[in-house]
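Chemist: here is a sequence with its predicted model. Questions after.
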Amino acid sequence: MALFRLITLLAAFGVGANAFSSTSSSMSSVGIRSAPERRRNLFRSRTISERRSPAFMVSASVDANDSPNDAVLRQIDSKINAFNKKKERAMKKLDEAEASLQQLESKKQEYIAGSQLAETPVGGNFSETAVRSAVKAMMWRVIAGSVTFVTSLRFSGSIATALSIVGSDFFSKAFTMFIGERLMNKSSAGRKAGGDNAARSLAKALIWRLFAICNTLTMAFFVAKDLSIASKIAGSDAIFKTALMFFYERAWANIQWGKEYQIEFSI
């Protein structure tokens, strides 16, 4: 009886072992691994991912015979060479700037000493900007318009007539004087020492007055409807405004604003 029980237990143990073996094999077939096997697979997957990483690819590109220190040194040398090239370009620009600065200082000393600058116009070494000409024209119209208003009021006896005469030629004369200033600016005759001389100022006053007389006479005649009154207004303006404009030009000759000095050299 005891022998029969022993045989029965051995048979049952054999069936269980076979079942465990078949279960283990089935677990392996569906991807369920034992703990040691899972650790081995995890190590292999990490090794593959590391080989695919940028750091590994960079290190793989290095010559197999080179050590990591050699690779680092080559990278540093490459950066040093790049910065040396930048330094050379910067030094070249600095040398050019130093040469231009020395040239400017030399020209400055020549100008202070009163020597003739290279290719300086014979009549002067400056020109007037368009803004300066416009300001001169508008300021003169304010001054001249006030004089015209007084003379028109005196000879016509009517404020409305005087205002009409002044208003009719204010903008037209301002524009024509601006054009005249720009045309005169193209000529360097009568310019010296950074300004207009007295002869140039007188010539400008006389030339402008010839035009202004015709303009004032025409406008006064159309407004006042009387040639006698118009001629008196234009005649009085001719004498007084010519002298006034001469001093006006002399004052502007001493104003440095709006002058562009022409120094011929390249930077």
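Modeler: Sure thing, it's come through. Being a predicted model, the structure only gives us computed values, none of them experimental.
Chemist: C-terminal to the helix or strand hosting Arg74, what's the next element?
Modeler: Here Arg74, judged by DSSP states H and E, is contained in helix 68-112. Where DSSP H and E defines the elements, the next helix or strand beyond helix 68-112 is strand 126-128.
Chemist: show me which residues of the helix or strand following that next one are buried.
Modeler: Once strand 126-128 ends, the next helix or strand along the chain (criterion: DSSP H and E) is helix 130-156. Buried residues in helix 130-156, counted by 16 or more other C-beta atoms under 10 Å: 132-137, 140-141, 144-145, 148-149, 151-153, 155-156. The C-beta positions use only the backbone N, C-alpha and C, and glycine is treated the same way.
Chemist: and stretch 200-219, by the same measure?
Modeler: Of the residues in stretch 200-219, 200-205, 208-209, 212-213, 215-217, 219 count as buried by neighbour count, 16+ other C-beta under 10 Å.
Chemist: name the residues that touch that stretch?
Modeler: 144, 148, 165, 168-169, 172-173, 176-177, 180, 184, 189-191, 196, 230-231, 233-234, 237-238, 241-243, 245-246, 248-250, 253 (C-beta atoms under 8 Å, 6 or more residues apart in numbering).
Chemist: mind running it again at 7 Å?
Modeler: With C-beta atoms under 7 Å, 6 or more residues apart in numbering as the test, stretch 200-219 has contacts from 148, 165, 168-169, 172-173, 176-177, 180, 184, 189-191, 230-231, 233-234, 237-238, 241-242, 245-246, 249-250, 253.
Chemist: okay, now the unreliable bits of the stretch 151-267 of the chain?
Modeler: 193, 262-267 (pLDDT under 70).
Chemist: all helices of it, in order?
Modeler: 159-185, 198-224, 227-253 (DSSP state H, counting those that start in this stretch).
Chemist: dump the ones you listed into TSV; add distance to Asn81 as well.
Modeler: Output for the helices of the stretch 151-267 of the chain, formatted as TSV (distance: least, C-beta to C-beta, whole Å):
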stretch	distance to Asn81
helix 159-185	56
helix 198-224	63
helix 227-253	61
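Chemist: got the contact list for Asp169?
Modeler: The neighbourhood of Asp169, defined by C-beta under 7 Å, 6+ apart, consists of 215-216, 219.
Chemist: redo that, cut-off 8 Å
Modeler: So Asp169 contacts 148, 215-216, 219 (C-beta under 8 Å, 6+ apart).
Chemist: so of those, which two are at opposite extremes in space?
Modeler: Thr148 and Asn215 (10.4 Å; C-beta to C-beta).
Chemist: excluding covalently adjacent residues, which one is nearest to Ile159?
Modeler: Closest residue to Ile159 apart from its sequence neighbours, by C-beta to C-beta, 6 or more residues apart in numbering: Leu153 at 6.3 Å.
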